[in-house]
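> give me the fold of what follows.
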Amino acid sequence: MKRDSLARARQWLGPRTTHAADWPLDVLRLAKGTTTVSVVLPARNEENTVGKIVSVIRRDLADLVDEILVVDSRSTDSTAAVAAKAGARVVHQDDVLPDMPYMSGKGEALWKGLAASTGDLVVFIDADLRNFGAHFVSGLLGPLLTDPSVHYVKAAYDRPLGDKRGEGGRVTELLARPMLNLFWPELAGFVQPLGGEYAGRRETLERVPFVTEYGVETALLIDLLGLVGLDAMAQVDLGSREHSHQSTTALGRMAGQIMLTAWSRLEREGRIVASEAPASLLMQFSAEREVTVTDVAVAERPPLASVFDSVMEEGAA
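Next comes the predicted model:
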C-alpha cells in the first residue's frame, strides 16, 4: 500500500507541477473574472523586507490582487508602519476575533489573516523574503484561476544557505521529508512541504484547522490531503527563495513542533494509540553546555467555518 502511495506521488508530480513562467499575467487577468484575491503576509519584526514586498505587489499586480493584508504578529519594530506606508492594510493579530482565547505563533497569524481577509482566493507569503518578485504571487494563483478542480497550491523553489544551493531547508530534509515519506507518502512529491508560500480557495481553507506554531504547514498538507485529495493540490516552481535563516537551536524547536503536529494527525487518523501524550519539553545545550528548556507544545485553531457558524447561531438566538 505504501509503495502504491509513493508511486501515486510520482504520477502526480508531472501534471500537478508547473513553473511560474507557465502563468503569464495576461492569461491570469483573463481568467480572473469576478474572482477576488487577497495576499496575506504574517509579519513579526520584518521592517526591513515587508515594505518592498507590498510595494512590488501593488506595482506589478494591481489588477490581479484586490487586497494586501499584513498581519502584525506583535512586532516590536516598525513593521506595521512600514507596511501601511507601502500601501497594505495592516491588522494587529490580537485585534482579530479578540474574544477567542490567546494563542501565539506563525499559524495563529495565518489563521487571523484568513479571518480578516476577504478574497475568494487567499495567497500566503512570508514577510522575510529578500528576493521577492511578483511571480511569487502570480505563479501560485495560476492553477487556482485556471482550473476549478485545484483547491491548494504550494510553492517549490531552491533554498540556498549562503552560497550553497539546496542547503537552506534543513528541517525539511532532516525531518519533514523523511516523516512524510514514512507516514503520508502521497505527499512526497511536494518539494518544499514547509515553505511559507502557498495559496488556496477560501471555502477550502476555512474548513481545516490551523496549528498555531511552526507545525502549521505540515498540518495543512495532511489535513487538506484528507479533505480534498491529492489531485486537488498542486505546486508551482518559483525559482529561488532567499530569506533570513534561523539558528540551529531555533530549528530544533521548530522540529519539535512539527513532530508533535504529525503525532496529533496520526492519532486523529487512528494510526497510533498511545498510553500517554508525548512530552512537549525540549532540553537543548549551548556551546558552553548551558541548558535551556522550551515547551514546544502546539495548539490548534478550529476551522474558521465552524467559528463563523457559531457566531451566526449566537446572533440568531
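> from here on, contacts and neighbour counts on C-alpha atoms
Will do.
> okay, helices next: where are they in the chain?
Using DSSP state H, the helices assigned to the chain run over residues 2-16, 25-32, 50-60, 79-86, 106-116, 135-146, 170-171, 177-183, 202-205, 216-228, 248-268, 304-316.
> and the third one, what does it pack against?
It stands for helix 50-60. helix 79-86 (3 or more Cα pairs under 8 Å, 6 or more residues apart in numbering; DSSP states H and E).
> need the CA coordinates for the helix it packs on. PDB is fine.
Output in PDB follows, covering the C-alpha atoms of helix 79-86 (Å, rounded to 0.1, in the frame of the first residue of the first chain):
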ATOM      1  CA  THR A  79       6.800  46.500  10.700                       C
ATOM      2  CA  ALA A  80       3.200  47.800  10.900                       C
ATOM      3  CA  ALA A  81       4.100  51.400  10.000                       C
ATOM      4  CA  VAL A  82       6.300  50.400   7.100                       C
ATOM      5  CA  ALA A  83       3.700  48.000   5.700                       C
ATOM      6  CA  ALA A  84       1.000  50.700   5.900                       C
ATOM      7  CA  LYS A  85       3.100  53.300   4.200                       C
ATOM      8  CA  ALA A  86       3.800  50.900   1.400                       C
END
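> wait, doesn't V273 sit right on E267?
Yes - if you go by Cα atoms under 8 Å, V273 and E267 touch, sitting 6.5 Å apart.
> A134 reaches L61, doesn't it?
Yes - using Cα under 8 Å, A134 is in contact with L61, at 7.0 Å.
> so what's in contact with these two at the same time?
Common contact partners of A134 and L61 (Cα atoms under 8 Å, 6 or more residues apart in numbering): none.
> what's the first-to-last distance across stretch 68-82?
End-to-end distance for stretch 68-82, by Cα to Cα, to the nearest Å: 13 Å.
> how far is it from where the chain is centred?
With Cα atoms, centre = their mean, to the nearest Å as the basis, stretch 68-82 stands 18 Å off its chain's centre.
> report the buried residues of that stretch.
Buried positions in stretch 68-82, judged by neighbour count with 16 or more other Cα atoms under 10 Å: I68, L69, V70, V71, D72, S73, R74, S75, T79, A80, V82.
> between those residues, which is nearest K32?
I68 (16.7 Å; Cα to Cα).
> so where's the stretch 101-250 of the chain shaky on pLDDT?
Judged by pLDDT under 70, the stretch 101-250 of the chain has its weakly predicted residues at 161-169, 243, 245.
> figure out which of the helices of the chain is closest to T294.
Closest among those, once you apply Cα to Cα, is helix 248-268, at 7.6 Å.
> helices or strands up against the closest one?
Counting contacts by 3+ Cα pairs under 8 Å, 6+ apart, helix 248-268 packs against helix 170-171, helix 216-228, strand 281-285.
> now for the first one, which elements pack on it?
With contacts defined as 3+ Cα pairs under 8 Å, 6+ apart, the secondary structure elements packing on helix 170-171 are helix 248-268.
> try it again at 6 Å.
Packing partners of helix 170-171 (3 or more Cα pairs under 6 Å, 6 or more residues apart in numbering; DSSP states H and E): none among the helices and strands.
> run the chain-centre distance for it.
16 Å.
> before we move on, what about stretch 123-132?
That offset, for stretch 123-132, works out to 11 Å (Cα atoms, centre = their mean).
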